[in-house]
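Colleague: any chance you could fold what I've pasted below:
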Amino acid sequence: MRVGTPAPEELLKVAVEVVREAADTARRMRADGVSGITTKSTATDVVTAADRAVEREVVAALRDLRPDDTVLGEEYGDSAGSAAAGPQTVRWILDPIDGTVNYLYGLPQYAVSLAAEVGGEVVAGVVRNAVTGDEWTATRGGGAHRAGRRLHGSTESDLGQALVATGFGYDPARRAYQAGVLGELISYVRDIRRFGAASLDLCMAAEGLVDAYYERGLNLWDHAAGGLIATEAGLRVAGLAGVAAGPDLLIAAPPALFGPLHDHLARLGAAGGP
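Modeller: So this is what the prediction gives:
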């Protein structure tokens, strides 16, 4: 019988250990050549043998280290089925390879992302770029870090001077709608970047490598760890009109930029469309 829930720092230690091994697996499998390619929601939404292998590896490692926990993974779903989460339940939220298209093409922008959720709240998270080894971590209330340095996000306060990252959905109609929103937004910001991995976008925003980030259509595994890292770096992470970040829209920006960016996205209907 479980006596109590471990501290976020303990969960982060587990997450880092597991993710480092998983990232090594993803990198080795890429070096051996991409195999087992199939598609999911559309013909451009790919999944590889490595996505599935990395998820199985992480689930097995977590079961060995913390057998009473559950895992929500992108490829195999929720190991708890429909069981309700209790106040001390630890659920791990995993994206085995975030940026699978980058992985497919050999672009060095794909990551393993793992977060620990306790009673419905994400309390620890790690994102590791499998190619470069760059690693971002955070615990709830304990700050966000990379390579031993605490992160504080961008200090930019003028949206017109902000470098903003974003992403697009796989459905052609949704992508066309999102491009229309971006076409209107781009004249109000410095420039736009599109890297193709939401977890890394959030970490770059946390580090101030981009000033802000927004995207529609993200699943929980896309932003659980990265969203905590951005939040702990001092960014505001939310949807429109006070709604929590989710599939309709996620905006991550320093407080000075969040309001102006939010208002433009609301006016442009960024949470709408297909």
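Colleague: strands of the stretch 151-274 of the chain, start to end?
Modeller: Secondary structure of the stretch 151-274 of the chain (DSSP state E, counting those that start in this stretch): strands at 163-166, 191-193, 212-215, 236-238, 250-253.
Colleague: would TSV of those strands with distance to P67, mean neighbour count and mean pLDDT be doable?
Modeller: C-beta here means a position set from N, CA and C on the backbone, and glycine is covered the same way. What follows is the strands of the stretch 151-274 of the chain, written out as TSV (distance: least, C-beta to C-beta, whole Å; neighbours: other C-beta atoms under 10 Å; pLDDT from 0 to 100):
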stretch	distance to P67	mean neighbour count	mean pLDDT
strand 163-166	38	22	98
strand 191-193	41	12	98
strand 212-215	35	27	98
strand 236-238	31	21	98
strand 250-253	32	28	98
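Colleague: tabulate those (a markdown table), appending distance to H262.
Modeller: As requested, the strands of the stretch 151-274 of the chain are exported to a markdown table (distance: least, C-beta to C-beta, whole Å):
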| stretch | distance to H262 |
| --- | --- |
| strand 163-166 | 12 |
| strand 191-193 | 17 |
| strand 212-215 | 9 |
| strand 236-238 | 8 |
| strand 250-253 | 6 |
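Colleague: out of those, which is closest to A244?
Modeller: With C-beta to C-beta as the measure, strand 236-238 is the member of the strands of the stretch 151-274 of the chain nearest A244 (6.4 Å).
Colleague: tell me how far that closest one lies from the chain's centre.
Modeller: Remark: strand 236-238 is offset 13 Å from the chain centroid, using C-alpha atoms, centre = their mean, to the nearest Å.
Colleague: can you spell out which helices and strands pack onto it?
Modeller: Secondary-structure packing of strand 236-238 (3 or more C-beta pairs under 8 Å, 6 or more residues apart in numbering; DSSP states H and E): helix 220-232, strand 250-253, helix 255-267.
Colleague: now do 6 Å
Modeller: Counting by 3 or more C-beta pairs under 6 Å, 6 or more residues apart in numbering; DSSP states H and E, the packing neighbours recorded for strand 236-238 are helix 220-232.
Colleague: C-terminal to the helix or strand of the chain with the lowest mean pLDDT, what's the next element?
Modeller: Sorting the helices and strands of the chain by mean pLDDT, DSSP states H and E puts strand 77-78 at the bottom, at a mean of 80. Remark: after strand 77-78, the chain's next helix or strand is strand 90-98, criterion DSSP states H and E.
Colleague: strands paired with that next one, and their directions?
Modeller: When pairing is defined by DSSP bridges, strand 90-98 lines up against strand 70-73 (parallel), strand 111-118 (antiparallel).
Colleague: tell me which of the ones you listed sits nearest to G183.
Modeller: For G183, the closest of the strands paired with strand 90-98 is strand 111-118, at 28.4 Å, according to C-beta to C-beta.
Colleague: could I get the average pLDDT for that closest one?
Modeller: Averaging the model's pLDDT scores along strand 111-118 yields 98.
Colleague: just how off-centre is it within its chain?
Modeller: The answer for strand 111-118 is 9 Å, by C-alpha atoms, centre = their mean.
Colleague: thanks a lot, catch you later.
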